[in-house]
Every structure is written in C-alpha cells, then in structure tokens.
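*Asks:* mind looking at a prediction? Sequence and model below.
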Amino acid sequence: MLRAARLPLYLDLVRWDRPAGWLLLLWPTLSALWLAAGGFPGWHLLAVFIAGTVLMRSAGCCVNDVADRDFDRHVKRTAQRPVTSGAVPVREALALGAVLALAAFALVLTTNVPTVALSFAALAVTLAYPYAKRLVSMPQAVLGVAFSFGIPMAYAAVHGVGGGWGFEDLLAAVPWAAWALLASNLFWVLAYDTEYAMVDRDDDLRIGMKTSAITLGRHDVMAIMGFYAAYLLSWAALGLQQGLGPVFLAGIAVAAAQVAWHHRLIRGRTREGCFRAFRVNHWLGFTVFAGVAADLALR
C-alpha cells in the first residue's frame, strides 16, 4: 500500500520539515533521561529515545490528520494537509502510521519490560488525543499526558533492568519524582498548545471544535503565563529535590526570560504572534534540558 514514489507526500504528512513538534516531545524526555541516569545515559538509550520520539510523533500526525480530516478542510492553516486534501487516502495514512509506530515499538523492545509496558499506555493516550477535541473542553490536557509520557518511560529504561510485568516492578522502575515531572510538564504543554490553539480560534469556533483557547476566552494570555509559571516553578523545585543546583537554576532563569518574550508575542492575540510563540517553544524546553545536563556534568 505504501509506495516509494509518494515519499514527498508522506514526509509532508508527518511534518518532516517542521521539527518543532518532535522537539517539544524530546527535551523533557531527555531531561528525565539525564536525571534518571545521574548524567549521560549512554548511547543506546539516547538513540532509542531520540529515534522513538521522532517516530511516535510522526505516527501521531498520521492518526491526528485522519481523525481531523473533516474539520481540517474548514481551517485555512490545515486545509491542504495530505489527508484532508485527498492526496493521501485514509488507509494509506493509517498504514504509514502503523509502520512508524511498529518501528518505535521495535526500539522499545531493546530496553526492558517496564518500559515496554509503559509504551502501551503511551500509545493509548496518543490514539485518544485526536478524539478528545470533540469531548473535552481543554483537550490540551490530554495532549499534555501524551507529550509527557516519555518522562516515566525514560526512568523505566534506566531503573527497570531486570523488572517484570507486575505493578510492583513498575513502581520500582518509576519513582514518584518521574510522575511529578510528568505532572509539571503538563503545564508547559498547556501553555504552548494554547498558544497554538489561539491561531485557529476563529475557525474552531465556527466548526465546533473544543480547545483551551476557546474555553479560556479573554483570560487566555493570563492563563498561559500562569501555566508557564507553574511549569518552571514546579520543575525548579523538583530539580532541586533531586540534587540539581545553581547551573540548573540558571537554565530555569533563561527559560523564564523566554516566557517574558512569549508574552510580548501573544498579548495582541494575532495569528502571526501566537504561531511564532508556539514554533519557538522548543528553545524553552532545550534551555531547561541544557541546565539539567550541564548541572549534572559539572558535579
């Protein structure tokens, strides 16, 4: 069903030329990987989580575009996506998504049992997110779980060696700090994906889509700043609790300066400003990761 001659369409479908999406997934995952390992985690785990992140985000794009194809044709920004425009049939898009997800699963199989177990939960949340936009007033919270699930998986990959399928094995592999970091990261996802939702708010209102930008209404900018503050403050507290120090806090401070810039971009609620704020958000995640990695390296 998949054909090599259609590779340019497949690359467009998975947003290959727009890496911001998988970078938003990658930086908190790598931060967790470094924290779990107490420093550089080794080339094997690094390769697994980088490649797995790219593959799963690409598979998620396939599922999302199939689920949203009837809505996307009414939104200017998404009307020409391959599935929406009919350039890639639904079955072909799903086949591509399945191949990418299986490739990611093959990578997970090189880790350990607790990580494999968590990968099933991660897949379930990924598949659920596109449909949450029809039912949940703030579907960005569901996306937050999907985009943060690499955190407990990173801890499991480091600490779950020799573990089995039991609940006690999972608890041993994934400490409370990993789940706390996941909860903290939800606030970052709420912040940047609400910026993203502000771009399409007029179109989403017209077609009946549910988003955080619509739910928050005129409180959107204030809420986004609150989400950023909750993310950085809770991440800082958790990092300190795990032994990180001044270099890590310097990274948090640089990230906070970026948040101030984001406020300037979104306060006018223009499509251009909000979209730019979303697209550069991966630099904020990189800054936090750099603080974590540098602090651990300089111990």
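*Replies:* Good, I have the coordinates.

*Asks:* low pLDDT regions in the stretch 151-299 of the chain?
*Replies:* 164 (pLDDT under 70).

*Asks:* spatially central, which residue of the chain would that be?
*Replies:* For the chain, residue 147 is the residue whose C-alpha lies nearest the centre (CA atoms, centre = their mean; 2.9 Å).

*Asks:* excluding sequence neighbours, find me the nearest residue to that residue.
*Replies:* Closest residue to residue 147 apart from its sequence neighbours, by CB to CB, 6 or more residues apart in numbering: residue 189 at 5.0 Å. C-beta coordinates here come from the backbone N, C-alpha and C atoms, glycine included.

*Asks:* which secondary structure elements does the helix or strand the one you found falls within sit against?
*Replies:* Assigned by DSSP states H and E, residue 189 belongs to helix 176-199. On a contact count with 3 or more CB pairs under 8 Å, 6 or more residues apart in numbering; DSSP states H and E, helix 176-199 meets helix 20-37, helix 140-148, helix 150-159, helix 212-216, helix 220-241, helix 246-266, helix 271-279, helix 281-297.

*Asks:* and those helices, which is most packed in?
*Replies:* helix 150-159 (a mean of 26; mean count of other CB atoms under 10 Å).

*Asks:* could you give the angle of that helix to helix 176-199?
*Replies:* 150 degrees (axes from the mean of the first three to the mean of the last three CA atoms, to 10 degrees).

*Asks:* other residues contacting whichever helix or strand comes after helix 150-159?
*Replies:* Using DSSP H and E, the helix or strand that follows helix 150-159 in sequence is helix 167-173. The contact list for helix 167-173, computed with CB atoms under 8 Å, 6 or more residues apart in numbering, reads 112-115, 117-118, 155-156, 159-160, 163.

*Asks:* CA atoms of helix 167-173 as CSV?
*Replies:* This file holds the C-alpha atoms of helix 167-173, laid out as CSV (Å, rounded to 0.1, in the frame of the first residue of the first chain):
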residue,chain,number,x,y,z
PHE,A,167,2.7,-3.5,39.3
GLU,A,168,5.5,-3.6,41.9
ASP,A,169,8.1,-3.8,39.2
LEU,A,170,6.7,-0.7,37.6
LEU,A,171,6.7,1.2,40.9
ALA,A,172,10.3,0.2,41.5
ALA,A,173,11.3,1.3,38.0
